[in-house]
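Engineer: next come a sequence and a model predicted from it.
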Amino acid sequence: MPSNWTTSDDGYDARNFYTQSSDSKGHHAKIQVKVPTNIAGEIARLVQSGVIPEYDTAQALIRDAIIHRLHDVNQWVKDEGLQRTITMWTIHEDAIHKANQRDQFKEMMHAIDEHAQFLINRGNQDAAREYVTDLLDKTDAVPTEFRSEYIGNLEGKMKIFGGF
């Protein structure tokens, strides 16, 4: 039976991490694989180092490696079913990543609001204005999709503090 999904490679990005252990419905399959001990040791060392936070377990690193390699293999064999699976997986991973980014942004804005309010409540309006001014200087660090909201929120605070 043909699928209604159109297959394209647009969702895949070699720079992304694909580490989810279940699909969007929570389904998964357990696969066991043997690897040379030196490779297992390097995987464990990399995970323990924490240098790549997305690789919080050996399994996360291995899942990511599998998706990337399947993408490469499909460039050679051009299998429609494999392409569809990879595309759907990358869409799923991207949606989860964007949801996590939104949650982190909301948490950050909440923490900023709390600290600014703390300074105001203590009667330290100058410190609040300096705090927000410093944050406005760091807008380039905020992901593009959140930047206008970030700036708008902070500029709103500056108006209240008398900074604009």
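Structural biologist: Happy to help now that I have it. Residues are numbered from 1 along each chain as shown.
Engineer: and for the nearest residue to residue 28 once chain neighbours are set aside, the neighbour number?
Structural biologist: Using Cβ to Cβ, 6 or more residues apart in numbering and skipping the chain neighbours, the partner closest in space to residue 28 is residue 22 (4.4 Å). C-betas here are computed from N, CA, C, even on glycine. Residue 22 sits with 10 neighbouring residues when counted by other Cβ atoms under 10 Å.
Engineer: name the helix or strand for residue 22, please.
Structural biologist: For residue 22, there is no enclosing helix or strand under DSSP states H and E.
Engineer: wait, it sits on residue 30?
Structural biologist: No - if you go by Cβ atoms under 8 Å, residue 22 and residue 30 don't touch, sitting 11.3 Å apart.
Engineer: which residues does residue 61 contact?
Structural biologist: Neighbour list for residue 61: 19, 43, 46-47, 52, 55 [criterion: Cβ atoms under 8 Å, 6 or more residues apart in numbering].
Engineer: CSV for these, including distance to residue 150?
Structural biologist: Compiled in CSV, the contacts of residue 61 are given as follows (distance: Cβ to Cβ, whole Å):
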residue, distance to residue 150
19, 27
43, 37
46, 33
47, 32
52, 26
55, 29
